[in-house]
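> Coordinates for the following, if possible.
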Amino acid sequence: MTLTRAPFFLPGQSLESPGRALPIIIFLVEGHQPSVEVCHRLFSEEPTISFYAFDTVEAAAEASRTVHPTVLLLSLPLLGYAGLEALAAIRTQASLVEVPLLILADSAEEGAPSRVDAFRLGATDYLGKWPEPLEFAARVRSHAQAYGHLLERRKAYIALQASQASLKAELAAAEAYLQGLIPKPFSNHFFKVDWFLEASEYLGGDTLGFHALDERHWAFYVIDVCGHGVGAALFSVLILNSLSHSLLPGVDYTKPEVVLSALNQAFPMEDHAGMYFTAWYGVYDVQSGLLTYASGGHPPALLLPSKLNTMLPVESLKTPGLVLGADSQSVYCSQSIAVASGSRLYVFSDGVFEVEFLPAHTFLGMPGWLMELQKPVPPGLSKPRILFNAIRARHGRSTLEDDFTVLEVCFN
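All right, here's what the predicted structure looks like:
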């Protein structure tokens, strides 16, 4: 029978309804109806295979926009194409460029295409006409299933990317919300407050705050919950709210040692998934100029004099005390220091100085951190942010291993 149109397909099937959900779908590009029937017979006993035949590459490409083949069979020579032109034409079609393609070549034909050239142009397999039926079916099934698995992995990867993008957007919104709980930089007649907090992941365990306790007392504090992620961030919010809204009953928030003892009792680690935290809490009396402070497992705050490179020392402000939440019997104490006009207070988490610099694998440490603090900053710029940018640049990566948190108080 002379071919007058394409495509050919098995009885009872159509391009719009290929039939079953199994997804071995063969496209045969063949210019002679007898060869179509030979190939049809090879797969007629395979209930899991859908079969379509076309007499031109263009017809197969057009059909592939609605039915997506999982394997292509290209019979050579193909009417209207010389040598491997049909193979090259198929691989220029966007809908067919990745589909496994098996060449069925008439080896008796004079000038039969070279296997090497066929593979160079994108053939997946090369068989002589007609191969042994069981081997042929096995090869077709193997190539089709491998391609199907590739498509499944790609679909899963795309879904994963979409899920990750959605999760990142939600985490970014959560991070913005958490930072929104911290008061904005602030200044009054007595001091100026600035801060910078950058989580090592989207959400971290660091937080900070400052607020007026009454007409003469102001509280300043930094909290560092162990670990990172959602759990640590949620725990830090509980602690922050307890301080910023004075939620601990019967606590005099002007007494740092009392505040830390109350936090230690209120948040035992056994009630919070084994999480503990460190804290530095200070109260500044604007009338007397005294700063009273207490710490629990936290790095010392540093009080820098108004003019560096003088005989005035840098004061290290730390008191004895274990991390909070670990031992209900822990005792905390406070100390006081007179704050000279022009002094600068820096309260921070350990993530600011426990930083490795690459590629030399050196560590910043507390001495290096103090040197960074003493570097001048142009007027009008945020020193905490400049500190972060400088240390991250020396670290050599876009993020640090731990949360970076700095609270700066410049006393007038």
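> does residue 46 really touch residue 137, like I thought?
Yes. Contact criterion Cβ atoms under 8 Å: residue 46 and residue 137 qualify, at 6.3 Å. (Glycine included, C-beta is placed from N, CA and C.)
> In terms of neighbours, single out the busier of the two.
Neighbours of residue 46 and residue 137, each counted by other Cβ atoms under 10 Å, are more numerous for residue 137; the result is 17 against 14.
> dump the residue contacts of that one.
When contacts are counted by Cβ atoms under 8 Å, 6 or more residues apart in numbering, residue 137 touches 42, 43, 46.
> any idea which of the residues you listed is the one closest to residue 96?
Relative to residue 96, the closest of these is residue 43; by Cβ to Cβ it sits at 19.6 Å.
> For the closest one, give me the pLDDT.
You'll see residue 43 listed with a pLDDT of 78.
> wait, it sits on residue 52?
No. Using Cβ under 8 Å, residue 43 is not in contact with residue 52, being 11.1 Å away.
> which residues are in contact with both of those two?
Common neighbours of residue 43 and residue 52 (Cβ under 8 Å, 6+ apart) are residue 26.
> between these two, who's got more neighbours?
Counted by other Cβ under 10 Å, residue 43 and residue 52 do not tie: residue 52 has more neighbours, with 25 against 22.
> quick one: low-confidence parts of the stretch 201-350 of the chain?
Filtered on pLDDT under 70, the stretch 201-350 of the chain yields the residue ranges 308-311.
> which residue ranges form the strands in it?
Under the criterion DSSP state E, counting those that start in this stretch, strands of the stretch 201-350 of the chain are mapped to 204-212, 217-228, 277-285, 290-296, 301-304, 315-317, 335-338, 344-348.
> JSON lines for these, including mean neighbour count?
Shown next, in JSON lines, are these (neighbours: other Cβ atoms under 10 Å):
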{"stretch": "strand 204-212", "mean neighbour count": "23"}
{"stretch": "strand 217-228", "mean neighbour count": "22"}
{"stretch": "strand 277-285", "mean neighbour count": "25"}
{"stretch": "strand 290-296", "mean neighbour count": "24"}
{"stretch": "strand 301-304", "mean neighbour count": "22"}
{"stretch": "strand 315-317", "mean neighbour count": "16"}
{"stretch": "strand 335-338", "mean neighbour count": "14"}
{"stretch": "strand 344-348", "mean neighbour count": "24"}
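> Please name every helix or strand in contact with the helix or strand hosting residue 88.
In this assignment (DSSP states H and E), residue 88 forms part of helix 85-90. The contact analysis (3 or more Cβ pairs under 8 Å, 6 or more residues apart in numbering; DSSP states H and E) places helix 85-90 against helix 57-63, strand 71-76, strand 101-105.
> my read: residue 386 touches residue 376, true?
No. Between residue 386 and residue 376 there is no contact under Cβ under 8 Å: 10.2 Å.
> Identify those among the contacts of residue 137 that sit within helices.
Residues of the contacts of residue 137 located in helices (DSSP state H): 42, 43.
> nearest spatial neighbour of residue 365, skipping sequence neighbours?
Among residues not flanking residue 365 along the chain, residue 353 sits closest, at 5.8 Å (Cβ to Cβ, 6 or more residues apart in numbering).
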